[in-house]
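Peer 1: sequence first, predicted model second:
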Amino acid sequence: MLKKPYIAARTNVLCVIGHPIEHSMSPIMHNAALKDLSLDYVYVAFNIPPNDLKKAVLGFKMFNIKGINVTIPYKENIIPYLDEIDPLAEKIGAVNTIKNKGKYLIGKNTDASGAKKALLDAGCEISGKKALILGAGGAAKAVSFAISEDLDALYIANRTEKRSIKLAKDLTNKTAIKAIGKNMSIDTLKNLVNEVDILINTTPLGMYPDIGESPISEEILHKDLFVFDIVYNPLETRLIKEASKIGCKTLGGLDMFVNQGALAFEWWTGKKPNLNLMKEKVVEFLGKK
């Protein structure tokens, strides 16, 4: 008799989609948790070219994919193709997790809760502080909505300034914060960094394979900053290394990644995964690269 878990004709399929997707550690993390609980699921990754997103969503329904994680660049673009999104995801305007209930696709955002828990667990004081978020995409939306109401001030900086202004207006309209959108010029960043207590990178700059990049130059940083980079591959980005070197308190993206994944896992399967195991497997795998 076969011992679970094993892959059979009835095995449930979970996945992550993005473009590119080769860097994702989601299959490593989720398959370890599924095996630990002997659940009849398998988790895979799909690289979806931009013009094929609608076809991919139809594929989720046709192939009865039970749950889907969504990463760059689809957290916002996926929304029009879903049948329902929960109130928080609608407020944020970004979805990173989908559940397929009989070809009815429901979108959620677990990034927001995952990010806030990671910050608090790392000892980052949010209440009454000033923060600068780099980026204005789906991850920036989730993180900013998660922490905005606890902050004294919030700045959003993005290469395309109109996107940061749009996100700032959205935050101001939907939360108690008065957010301000800016560009990412060197002078602007220098002024903003001097104003804030918390710096959060939500851009893919510094993500594998472009590990030599950083969204901000080292000279702009100051030792009183708490620096959070949501990139988790590599575990220590250039930004985190440079911030640590000058004495900043830092947090990489692994804890947020594990937190959001665990919330998705529980929603899909009804079972709580082992967070420590999920984290250990990602660290172990990245250590072998």
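Peer 2: Arrived safely, thanks for sending. Numbers count the residues shown, from 1 in each chain.

Peer 1: which stretches in the stretch 101-250 of the chain count as strands?
Peer 2: In the stretch 101-250 of the chain, the strands defined using DSSP state E, counting those that start in this stretch lie at 105-108, 130-134, 153-158, 179-183, 198-201, 226-229, 249-251.

Peer 1: can I see the domain layout of this protein?
Peer 2: Annotated domains of the chain cover 12-109+256-288, 112-252 [automatic domain parsing].

Peer 1: break down the chain into its helices, ranges please.
Peer 2: With DSSP state H as the criterion, the chain has helices at 26-36, 53-62, 87-92, 111-121, 138-147, 161-174, 186-195, 238-245, 254-269, 275-288.

Peer 1: quick one: contacts of the helix-or-strand element of the chain with minimal mean pLDDT?
Peer 2: The least trusted helix or strand in the chain, going by mean pLDDT, DSSP states H and E, turns out to be helix 275-288, with a mean of 93. For helix 275-288, the surrounding residues in contact (C-beta atoms under 8 Å, 6 or more residues apart in numbering) are 25, 28-30, 32-33, 36, 232-235, 254-255, 257-259, 261-262. Placement of C-beta: from N, CA and C, glycine included.

Peer 1: now do it and helix 26-36, the angle between them.
Peer 2: 140 degrees (axes from the mean of the first three to the mean of the last three C-alpha atoms, to 10 degrees).

Peer 1: residue 177 against residue 149, yeah?
Peer 2: Yes. Using C-beta atoms under 8 Å, residue 177 is in contact with residue 149, at 6.3 Å.

Peer 1: which one's more surrounded, these two?
Peer 2: More neighbours surround residue 177 than the other of residue 177 and residue 149, with 20 against 14 (other C-beta atoms under 10 Å).

Peer 1: what are the phi and psi values at that one?
Peer 2: phi -80, psi 150 (degrees, to the nearest 10).

Peer 1: per-residue confidence at residue 5?
Peer 2: For residue 5, the pLDDT comes out at 55.

Peer 1: now do residue 248
Peer 2: pLDDT for residue 248: 98.

Peer 1: show me the contacts for residue 22.
Peer 2: Contacts of residue 22 by C-beta under 8 Å, 6+ apart are 45, 47.

Peer 1: again, only using 6 Å
Peer 2: Under the criterion of C-beta atoms under 6 Å, 6 or more residues apart in numbering, residue 22 has no neighbours.

Peer 1: any idea how far it lies from residue 169?
Peer 2: Counting by C-beta to C-beta, to the nearest Å, the separation of residue 22 from residue 169 is 35 Å.

Peer 1: check residue 72 too.
Peer 2: Relative to residue 169, residue 72 is positioned 23 Å away (C-beta to C-beta).

Peer 1: who's more crowded, those two?
Peer 2: More crowded of residue 72 and residue 169, by other C-beta under 10 Å: residue 72, with 18 against 14.
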